[in-house]
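Enquirer: 3D model of this:
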Amino acid sequence: MNISTVIERWAERYPGREALVCGPRRVSYGELDLRIERAATLFATLGITRNDRVALVMDNSIEFLEVYFGLTRIGAWCVPLNTRLTTAELTYFLTHSEAVAVVYDRAYEQAIKSCADACSLLDHFISVGDKDDREWDRAVDYCAPVAVRDRGWYLGQGASGLDDIQGVMYTSGSTSQPKGAMLTNANWIWNAMALNVMLSPENLRVNACAVPLFHTAGIQTNTFPSLAIGGTVVIIPTAGGFDASVLARAIQSERVRFVYMAPTMWSALAKLADLDSYDFSSLSLPLAAGGVVAGTTVKRLAEVFDEPLLYAYGLTEAAPLVSVLTREDAPRYPGSVGKPVVTVDVRVVDETGDELPVGEVGEIIVSGPNVFRGYLNNAEATAQGLRDGWLYTGDLGRFDDERALYFVDRKKDMIKSGGQNVYAAEVEDVLTRHPEVLQASVIGVADEKWSEAVTAVVVLMPGSAAGEQELIEFCRANMASYKKPQRMIFVDELPTLATGKIDKVALRRIYA
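Expert: All right, here's what the predicted structure looks like:
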């Protein structure tokens, strides 16, 4: 049993049911399973086998999932990589993961081929072509599917099972070199089950994936939980950047029920000039994670959505869901990221690992069947992150007396200013409540007086004339004075990662 088995089971039961939609293309479970089987045969014919690592450098597409599940079906490890990487970064990931093959969109061919000489283990460069050259289609169509009873010829020692590694997801590397989190098939399946149990399969029946599939938010939060229940995934390509109008049209035309996005993406949707013209009545589960959603965005979306914007907390190493704020809990726990999902145990601990009382801020640690196996080729980081059966997340949070979890900040984002701890996320939350603030990101900048000066990088609403002193006074009125920014920097836009999250590493580099 592995994640590709799920597709096979739904194809057996309901072969004509729609699985994937991408632009004008519509693919049933029967068609998807056949394509996955042909892809698995192709990879096996090339000599790729169980536990081989294969990198993917691909935009959101139906082919991405054919490749992903096809590799899983033969027990190979999938290594999805960010399509924005430079040649040097690609070389690092391909070398570190010990990839024997790379599957890529034609648009990235030059960067991929530039890595060839430096990556001695790479034997296969497989292009999926483009809309004018369906190289992948021709190759896959050439491979006759193998009957279930005859699959042993390419499975070697057998397909990967629940406890076997399915793939490697690289973290963002915000404090050091990126680390490759090794995730098992069981991690995926437990996460999908938790999401469905907490949020209802009906809400996940049709979802739109507008975040990159190479990221855990795209493949494990958006896509697989819906496929696991035989639902439909509407794939939104991301190569040209996020286009909120494409998503809005997809929600309306496909009657989408579930969308997960980062705060900056929700902000882009809320800014659409013709937002009121779309029919969002099908959307029962709008979900945000990965940062603070501006108050102006929340207010605008509330005007067009029938359901409130909900929040979740997770991380790659937890595959990724840890807690989620349900529709029923939203009015009771404002500002919360919800309660731990039913399959996960969560604690808030001090520096010695002792559990803290309700209300006190400490590190969030997680235990459960969704927790990753460890970091690839990094025993030191694995030992630091996994201790006594618990995943130490590096995130700070607190519980209330009803076990609702409140995310406070990343440990690395906590600012030491004038001998006081200032949580960047708390300052961001206050700033984005100001009606003239569209986005805000808070960092610490080295300072002789304060050690670190609380520095806010702010994007104002179009046409706003709000100034530094006005925003500082707003912060002073809504939080302890020592937390207020000592410096304001106004910009037209904030740098973002491919997932839509604000890139604080870039901000620290720019304003150091």
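
Enquirer: least trustworthy helix or strand in the chain by mean pLDDT?
Expert: helix 152-155 (a mean of 51; mean pLDDT, DSSP states H and E).

Enquirer: quick one: contacts of the next helix or strand after that one?
Expert: Next helix or strand after helix 152-155 toward the C-terminus (DSSP states H and E): strand 165-170. Identification of contacts with strand 165-170 by CB atoms under 8 Å, 6 or more residues apart in numbering yields 2-3, 51, 53, 72, 77-82, 93, 97, 160, 178-185, 187-188, 215-216, 316, 373, 376. Just so you know, the C-beta spots here come from the backbone N, C-alpha and C atoms, and that holds for glycine as well.

Enquirer: could you pull up the mean pLDDT of strand 165-170?
Expert: Mean pLDDT, strand 165-170: 97.

Enquirer: for the helix or strand containing residue 394, packing partners?
Expert: Residue 394 is part of strand 390-399, with elements assigned from DSSP H and E. Packing contacts for strand 390-399, counted by 3 or more CB pairs under 8 Å, 6 or more residues apart in numbering; DSSP states H and E, involve strand 345-349, strand 362-367, helix 379-385, strand 405-410.

Enquirer: quick one: residue 479 from residue 85, how far?
Expert: Distance from residue 479 to residue 85, counting by CB to CB, to the nearest Å: 38 Å.

Enquirer: ok, residue 414 next?
Expert: Distance from residue 414 to residue 85, by CB to CB: 29 Å.

Enquirer: those two: which has the busier surroundings?
Expert: Between residue 414 and residue 85, counted using other CB atoms under 10 Å, the more crowded position is residue 85 (21 against 18).

Enquirer: sorry, back to before: distance from the strand holding residue 394 to the middle of the chain?
Expert: 18 Å (CA atoms, centre = their mean, to the nearest Å).

Enquirer: repeat that for stretch 437-444.
Expert: Stretch 437-444 sits 21 Å away from the centroid of its parent chain (CA atoms, centre = their mean).

Enquirer: one more: stretch 200-219?
Expert: On the basis of CA atoms, centre = their mean, stretch 200-219 sits 10 Å off its chain's mean C-alpha point.

Enquirer: residue 182 against residue 374, yeah?
Expert: Yes - the pair residue 182 / residue 374 is scored as a contact, 5.8 Å apart, by CB atoms under 8 Å.

Enquirer: any chance you could map the helices in the stretch 101-250 of the chain?
Expert: Listed in chain order, the helices of the stretch 101-250 of the chain (DSSP state H, counting those that start in this stretch) span 109-114, 135-142, 152-155, 185-199, 216, 224-227, 244-254.

Enquirer: quick check: mean pLDDT across the shortest one?
Expert: This means helix 216. Mean predicted confidence for helix 216 is 94.

Enquirer: repeat that for the longest one.
Expert: When the per-residue pLDDT values of helix 185-199 are averaged, the result is 97.

Enquirer: and it, C-alpha only, in PDB?
Expert: Only the C-alpha atoms of helix 185-199 are listed here, as PDB (Å, rounded to 0.1, in the frame of the first residue of the first chain):
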ATOM      1  CA  ASN A 185       3.600   6.900   2.400                       C
ATOM      2  CA  ALA A 186       2.000   6.600   5.900                       C
ATOM      3  CA  ASN A 187       2.800  10.200   6.600                       C
ATOM      4  CA  TRP A 188       0.800  11.200   3.500                       C
ATOM      5  CA  ILE A 189      -2.200   9.000   4.300                       C
ATOM      6  CA  TRP A 190      -2.500   9.900   7.900                       C
ATOM      7  CA  ASN A 191      -2.300  13.600   7.000                       C
ATOM      8  CA  ALA A 192      -5.100  13.100   4.300                       C
ATOM      9  CA  MET A 193      -7.200  11.300   6.800                       C
ATOM     10  CA  ALA A 194      -6.800  14.000   9.500                       C
ATOM     11  CA  LEU A 195      -7.700  16.800   7.100                       C
ATOM     12  CA  ASN A 196     -10.900  14.900   6.000                       C
ATOM     13  CA  VAL A 197     -11.900  14.000   9.500                       C
ATOM     14  CA  MET A 198     -11.400  17.600  10.800                       C
ATOM     15  CA  LEU A 199     -12.900  19.400   7.800                       C
END
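
Enquirer: which other helices and strands does that helix contact?
Expert: Using 3+ CB pairs under 8 Å, 6+ apart: helix 185-199 touches helix 3-13, strand 165-170, helix 224-227, strand 321-324.

Enquirer: what's the third one packed up against?
Expert: This points to helix 224-227. helix 3-13, helix 185-199, strand 232-235.

Enquirer: buried sites along the longest one?
Expert: Within helix 185-199, the residues scored as buried using 16 or more other CB atoms under 10 Å are 185-196, 198-199.

Enquirer: about what we covered before: tell me which of the helices of the stretch 101-250 of the chain sits nearest to residue 483.
Expert: helix 216 (31.4 Å; CB to CB).

Enquirer: quick one on the thing from earlier: closest to residue 357 out of the helices of the stretch 101-250 of the chain?
Expert: helix 185-199 (26.1 Å).

Enquirer: the closest one vs helix 3-13, what angle?
Expert: 60 degrees (axes from the mean of the first three to the mean of the last three CA atoms, to 10 degrees).

Enquirer: which other residues reach helix 185-199?
Expert: By CB under 8 Å, 6+ apart, the surrounding residues in contact with helix 185-199 are 1-3, 6, 72, 160-164, 166, 204, 220-221, 224-225, 228-229, 258, 285, 287, 318-321, 324, 326, 341-344, 368-373.

Enquirer: quick one: contacts for the residue lying farthest from the centre of the chain?
Expert: Distance from the C-alpha centroid of the chain peaks at residue 449, with 38.1 Å (CA atoms, centre = their mean). Each residue near residue 449 by CB under 8 Å, 6+ apart is listed here: residue 418.

Enquirer: so it is in which element?
Expert: Residue 449 belongs to no helix or strand when assigned by DSSP H and E.

Enquirer: if I look at it, how far off is residue 487?
Expert: 12 Å.

Enquirer: now do residue 205
Expert: For residue 205, the distance to residue 487 - CB to CB - is 48 Å.

Enquirer: swap in residue 137?
Expert: Taking CB to CB, one finds residue 137 at 54 Å from residue 487.

Enquirer: so who does the most centrally placed residue in the chain touch?
Expert: What sits nearest the mean C-alpha location of the chain, by CA atoms, centre = their mean, is residue 217, with 2.2 Å. Applying CB under 8 Å, 6+ apart to residue 217 gives the contacts 211, 260, 262, 289-290, 320, 499.

Enquirer: of those residues, which is the most crowded?
Expert: residue 211 (28 neighbours).

Enquirer: once you drop chain neighbours, what's closest to it?
Expert: residue 218 (4.4 Å; CB to CB, 6 or more residues apart in numbering).

Enquirer: test my guess that that neighbour contacts residue 224.
Expert: No - counting by CB under 8 Å, residue 218 stays clear of residue 224, with 9.7 Å between them.

Enquirer: and the residue nearest to residue 349 when sequence neighbours are not counted, how many neighbours?
Expert: Excluding its sequence neighbours, the residue lying closest to residue 349 (CB to CB, 6+ apart) is residue 362, at 5.1 Å. The local packing of residue 362 (other CB under 10 Å) involves 20 other residues.

Enquirer: next one: residue 344
Expert: Neighbour tally, residue 344, other CB under 10 Å: 21.

Enquirer: state the distance from it to residue 291.
Expert: For residue 344 relative to residue 291 (CB to CB), the value is 21 Å.

Enquirer: just the terminal-to-terminal distance for stretch 375-383.
Expert: 9 Å (CA to CA, to the nearest Å).

Enquirer: list the buried ones in it?
Expert: 375-376, 378, 381-382.
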